[in-house]
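K.L.:
sequence first, predicted model second:
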Amino acid sequence: MHFTDYRCPARYAALSALLAWLENQAAQAGLGGDETRRLQLVVEELFANTVEHGFGEESDRPVAVAVAFLPNGVLIDYRDEAPPFNPLAQDPTAGSAKAIGGHGLNILQNLARSMEYECIDGRNSIRIELPRVGKLGEPQLPVDTR
């Protein structure tokens, strides 16, 4: 498995370049538009959480995103230097139904095939696997290569 990575400061001005990099990587891997937008949505949500909740404001501290394209999915490795926080230990349904925001973790868990969190040397590391999807939003079945 080969990861390609991108680093940028935790500043909203850097987000558009990060999303453009993801779009380029996805196009090179042959992902369709819906899969690319889903990949971007997940990374954008993680990035916004780093800025808003991790640091509490924009920061020059780095965010690192690495992606690996698998036959049946995309693996995202997202790292930041915000104070340690395990999003998987939180209740994803805790956001108020009337509140704007607060539903990001729920969105991530609904899109992901799997999610793992680690704190490595004081850095947050979350690994998310997104499944490939068919034209109608159905997960693709593994291809029989016999």
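P.N.:
Perfect, I can see it now. Numbers count the residues shown, from 1 in each chain.

K.L.:
what about the top strand by length along the chain, average pLDDT?
P.N.:
Longest strand in the chain, counting residues (DSSP state E): strand 59-70. Mean pLDDT, strand 59-70: 97.

K.L.:
so which helix or strand of this structure has the lowest pLDDT on average?
P.N.:
Across the helices and strands of the chain, mean confidence by mean pLDDT, DSSP states H and E is lowest for helix 104-111: a mean of 86.

K.L.:
list the buried residues of that helix.
P.N.:
By neighbour count with 16 or more other Cβ atoms under 10 Å, helix 104-111 contains the buried residues 104-105, 108, 111. Using the backbone N, CA and C atoms, a C-beta is placed for each residue, glycine as well.

K.L.:
could you dump stretch 57-71 to CSV, C-alpha only?
P.N.:
Presented in CSV, the C-alpha positions along stretch 57-71 are these (Å, rounded to 0.1, in the frame of the first residue of the first chain):
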residue,chain,number,x,y,z
GLU,A,57,-8.6,29.0,16.3
GLU,A,58,-6.4,28.9,13.2
SER,A,59,-2.9,27.8,13.8
ASP,A,60,0.4,27.5,12.0
ARG,A,61,0.8,24.0,13.5
PRO,A,62,0.7,21.4,10.7
VAL,A,63,-2.1,19.2,9.6
ALA,A,64,-0.9,16.1,7.6
VAL,A,65,-3.2,14.2,5.3
ALA,A,66,-2.1,11.0,3.6
VAL,A,67,-4.3,8.9,1.2
ALA,A,68,-3.9,5.4,-0.2
PHE,A,69,-6.2,4.2,-3.0
LEU,A,70,-7.3,0.6,-2.6
PRO,A,71,-9.2,-1.6,-5.0
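
K.L.:
neighbouring strands for the longest strand of the chain, and are they parallel or not?
P.N.:
The pairing partners recorded for strand 59-70 under DSSP bridges are strand 4-10 (antiparallel), strand 73-80 (antiparallel).
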